[in-house]
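J.: Could you work out the structure for the sequence below:
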Amino acid sequence: MTENLEVDGLVTLQERMVNLINQLQMPLIEVSMVIGNHIKQMMKSLEEHVEETGALFPIKVTSQWPLSSESNITSTNKMDLEKIISIVDDDRMDILATLIRVTLIETEMALDDGILALRMWEQLSRSQLSLATSPGQLFSPIILPEEW
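T.: Coordinates of the predicted model:
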């Protein structure tokens, strides 16, 4: 794939994700779960590729990106993970997961490029999760920077 097509694919994925997340006012926790699940699945495929071919990939592809500022905030509330998981909207999460999967296939995006695109989202959601001090904040819409 040429560089222009790669960039076009990345832009298409980014635009579609931003539009859908804004349209559905998706909570931080739901976006985080979808992104995390996609990266996990894609990393399994990448690891299989590495085992078969011995190819090497940069750490920015294979590992989570560091957070720009570590949170020093400690939650005074215990967050009941099972309760939080029971509240998420599976249908909304499925829509985002499908959009990501279809766009990756449609744009014929290389596996490492797809992971990199999602690593940016992962870093954004992790940084916002690190600031959450109550379960309610997990269900607030994810905050997308202007330049996204």
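J.: list the buried ones in stretch 103-115?
T.: Judged by neighbour count using 16 or more other C-beta atoms under 10 Å, the buried positions of stretch 103-115 are 103, 104, 107, 109, 112, 113, 114, 115. (Glycine included, C-beta is placed from N, CA and C.)
J.: Can you list the neighbours in contact with that stretch?
T.: 1, 5-6, 8-10, 12-13, 16, 39, 42-43, 45-46, 49, 57, 61, 117 (C-beta atoms under 8 Å, 6 or more residues apart in numbering).
J.: now do stretch 84-101
T.: Everything outside stretch 84-101 that qualifies as a contact, by C-beta under 8 Å, 6+ apart, is 13, 16-17, 20-21, 24, 26-27, 29-31, 33-34, 37-38, 118, 135, 138-139.
J.: Could you report the pLDDT at the residue nearest to residue 127 when sequence neighbours are not counted?
T.: Sequence neighbours aside, residue 67 is the residue nearest to residue 127 in space, at 4.9 Å (criterion: C-beta to C-beta, 6 or more residues apart in numbering). pLDDT for residue 67: 89.
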